[in-house]
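**Student:** Fold the stuff below for me.
(one chain, ligands or ions: 1)
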Amino acid sequence: MATNESSTLRTPRRLLFGDLWTYAPAPESRDIVRLQPRYGHFIDGAFTEGGETMQTINPATEEVLAEVAVGTSEDVDRAVKAARRALDGPWGRMSGAERGKFLYRIARLIQEHARELAVLESLDGGKPIRESRDIDIPLAAAHFFYYAGWADKLGYAVPGAQVGPVGVAGQIIPWNFPLLMAAWKLAPALACGNTLVLKPAENTPLTAMRLAELILEADLPPGVVNIVNGAGATGSALVEHPGVNKIAFTGSTAVGRHIQRAIAGSGKKLTLELGGKGANIIFEDAPIDQAVEGIVAGIFFNQGHVCCAGSRLLVQESIHDEVMEKLRWRMQSLRVGDPLDKNTDVGAINSREQLERIQTLVASGVEAGGQLYQCPGDLPEKGFFFRPSVFTGLAQSARVAQEEIFGPVLTVLTFRTPEEAIERANNTPYGLSAGVWSDKGSRLFMVAGAMRAGVVWGNTFNRFDPTSPFGGYKESGFGREGGRHGLLPYLEVR
Ligand code: NAD
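**Tutor:** Numbering: from 1, shown residues only. I've put the predicted structure just below:
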């Protein structure tokens with residue numbers, strides 16, 4: 001039996017099952033999405049034209065989806081002033097219970113438009129529709145629902161203290177979870193009574209602009225939420241605007257550092273959610289089949305464009321060969337391709353620049369002597385795609401094992417003892433996430449407690465919930481989003 005099993009494992013899945021595992025295309029229709037040829041900004045409760053534009057494209061086809069305005073410092077100034085007026089107006093005087101109603105309304109509108117938002121997210125960002133439909137959009141709604149419940153209970157967030165809003169918050173988000181990151185930023189800030197200026201990522205502005213329409217439909221007073229499109233210079237203008245009281249930034253460590261320097265001494269509050277190089281640690285007593293699913297979910301979810309991805313796999317030496325064989329076998333069933341196809345597991349890389357960055361880091365791993373295994377099968381001819389990949393035989397010091405790759409590329413390292421696993425897992429400048437797999441609860445808790453990482457998953461990976469705080473240590477940033485902790489950066493405590 002054991003012999004049969006292992007010879008079955010060594011047989012490529014395609015040869016084993018033939019056509020049984022080939023699926024007919026099952027594309028989600030994009031008719032539900034009505035794209036405008038051009039998007040401006042959303043300032044003071046109205047859509048503005050904006051001047052100069054940039055293009056947002058579908059990374060799976062390279063088709064231009066729309067022209068999008070590039071916000072100038074004047075646009076940012078108008079948005080910040082509108083936010084200040086809203087803070088001094090009815091919004092600032094509104095009770096928490098009334099504010100909560102607006103959040104509930106936005107949450108319900110996201111749910112009502114879930115299918116449309118999912119298609120739009122996959123079109124603009126390249127992520128599989130299965131993920132935008134089942135993860136991004138439901139979680140975005142869940143964040144609004146969750147924080148709606150806090151709006152009239154803020155006194156319990158910091159017991160014994162008087163709390164109020166910080167003021168005008170400038171919020172800057174990346175392209176990997178566009179609507180979800182917007183929800184992580186907007187929902188807690190609104191629950192606490194702040195007003196906002198959000199800057200979406202230049203590659204993925206479309207769901208934020210649709211959210212602006214839903215916010216208008218929810219009758220949120222003008223100026224409470226403003227959205228200014230643009231790239232780094234627009235973000236920089238927002239960071240440096242003297243009328244902003246707080247900056248919340250999610251993005252790369254390099255830009256995070258730059259922002260920290262830019263606002264030093266200004267008195268602005270700051271939270272930074274930055275990059276990561278998460279370790280996924282598999283002990284020999286772990287449930288191996290589940291762990292293999294966890295490895296796949298840890299690194300291939302959202303093409304690996306995940307700050308908390310489990311991009312470093314640490315496997316106990318005694319089970320290395322078994323885990324690798326099962327992982328390679330599992331990878332053969334991953335379908336890479338059209339993000340709108342409901343059978344797709346791995347969609348498009350978000351941009352040409354990101355694809356080139358992944359290719360460069362993978363080339364450095366090959367040059368350093370690593371053995372590279374990649375998913376078999378054809379890739380689409382157009383668009384930006386990269387095969388799910390695994391490196392073995394690399395030293396921990398290799399560039400690809402150290403730097404955040406932000407793509408579907410896993411590096412495998414081994415360890416012998418729990419102490420060695422902990423030492424290797426923490427040996428990174430980052431500290432965002434980790435996963436631990438073991439049959440023993442005591443070992444899970446011991447190793448989790450020793451991780452210098454903001455989020456540690458036990459026998460699972462990449463699970464998110466609005467009630468659970470998320471954030472980093474070291475070069476992964478500071479401050480928490482989600483849960484009660486996620487309210488604190490948006491509250492002035494007296
Ligand atoms: P990025 O830092 O290049 O851009 C992020 C955002 O910052 C974009 O909106 C961009 O326009 C803006 N920006 C760029 N330069 C700026 C400047 N000088 N001043 C102000 N704003 C500026 O990052 P990215 O490539 O869009 O996103 C990927 C990074 O985000 C990865 O490193 C990833 O780990 C990180 N990320 C972290 C989390 C987290 O919660 N820790 C979540 C998602 C993504």
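**Student:** need the residues of the stretch 51-200 of the chain near the ligand, please.
**Tutor:** Ile172, Ile173, Pro174, Trp175, Asn176, Lys199 (C-beta under 6 Å from any ligand atom). No exception for glycine: its C-beta is placed from N, CA and C like everyone else's.
**Student:** Tally up the residues packed near the closest residue to Tyr473 other than its chain neighbours, please.
**Tutor:** Among residues not flanking Tyr473 along the chain, Gly431 sits closest, at 3.2 Å (C-beta to C-beta, 6 or more residues apart in numbering). Other residues near Gly431 come to 23 when the count uses other C-beta atoms under 10 Å.
**Student:** Equivalent analysis for Trp457, please.
**Tutor:** The number of residues packed near Trp457 is 23, by other C-beta under 10 Å.
**Student:** where do the helices sit along the stretch 301-450 of the chain?
**Tutor:** 320-331, 352-367, 399-402, 418-426, 441-450 (DSSP state H, counting those that start in this stretch).
**Student:** contacting residues around the closest residue to the ligand within the stretch 301-450 of the chain?
**Tutor:** The stretch 301-450 of the chain approaches the ligand most closely through Cys307 (3.2 Å), counting by C-beta to the nearest ligand atom. Cys307 is in contact with Asn176, Thr250, Glu273, Leu274, Gly275, Gly276, Glu404, Leu432, Ser433, Ser476, counting by C-beta atoms under 8 Å, 6 or more residues apart in numbering.
**Student:** Tell me the one of the residues you listed nearest Val68?
**Tutor:** Nearest to Val68 among these is Asn176, at 18.0 Å by C-beta to C-beta.
**Student:** And the pLDDT for the spatially closest residue to the closest one that is not a sequence neighbour?
**Tutor:** Once flanking residues are discounted, Asn176 sits nearest to His305: 4.1 Å by C-beta to C-beta, 6+ apart. Looking at His305, its pLDDT is 98.
**Student:** wait, isn't His305 in contact with Gly407?
**Tutor:** Yes: using C-beta atoms under 8 Å, His305 is in contact with Gly407, at 7.1 Å.
**Student:** which residues are in contact with both of those two?
**Tutor:** Counting by C-beta under 8 Å, 6+ apart, the shared contacts of His305 and Gly407 are Ile349, Gln354.
**Student:** From the ligand, how far off is Leu120?
**Tutor:** For Leu120, the distance to the ligand equals 18 Å [C-beta to the nearest ligand atom, to the nearest Å].
**Student:** What is the burial count for that residue?
**Tutor:** Other residues near Leu120 number 26, with proximity taken as other C-beta under 10 Å.
**Student:** and Asp75, what does it touch?
**Tutor:** His41, Ile43, Thr48, Gly50, Ala69, Val228, Gly230, Thr234.
**Student:** The second one against Val228, yeah?
**Tutor:** Which is Ile43. Yes: between Ile43 and Val228 there is a contact under C-beta under 8 Å: 7.1 Å.
**Student:** joint contacts of those two?
**Tutor:** Common neighbours of Ile43 and Val228 (C-beta under 8 Å, 6+ apart) are Asp75, Ala79.
**Student:** Who has more neighbours out of those two?
**Tutor:** Just comparing Ile43 and Val228: by other C-beta under 10 Å the higher neighbour count belongs to Val228, 29 against 26.
**Student:** The closest residue to that one other than its chain neighbours: how many residues sit nearby?
**Tutor:** Nearest residue to Val228, sequence neighbours excluded (C-beta to C-beta, 6+ apart): Gly71, at 3.9 Å. Using other C-beta under 10 Å, Gly71 is surrounded by 29 other residues.
**Student:** what's the spacing between Gly71 and Ala231?
**Tutor:** Distance, Gly71 to Ala231, by C-beta to C-beta, to the nearest Å: 9 Å.
**Student:** Could you give the average pLDDT over the one helix or strand Ala262 maps to?
**Tutor:** If you go by DSSP states H and E, Ala262 is part of helix 253-263. Throughout helix 253-263, pLDDT has a mean value of 97.
**Student:** After that helix, which helix or strand is next?
**Tutor:** strand 269-273.
**Student:** Tell me how far the next helix or strand after that next one lies from the chain's centre.
**Tutor:** Next along the chain after strand 269-273, taking DSSP H and E as the criterion, comes strand 279-282. Its chain's C-alpha centre and that of strand 279-282 lie 20 Å apart, by C-alpha atoms, centre = their mean, to the nearest Å.
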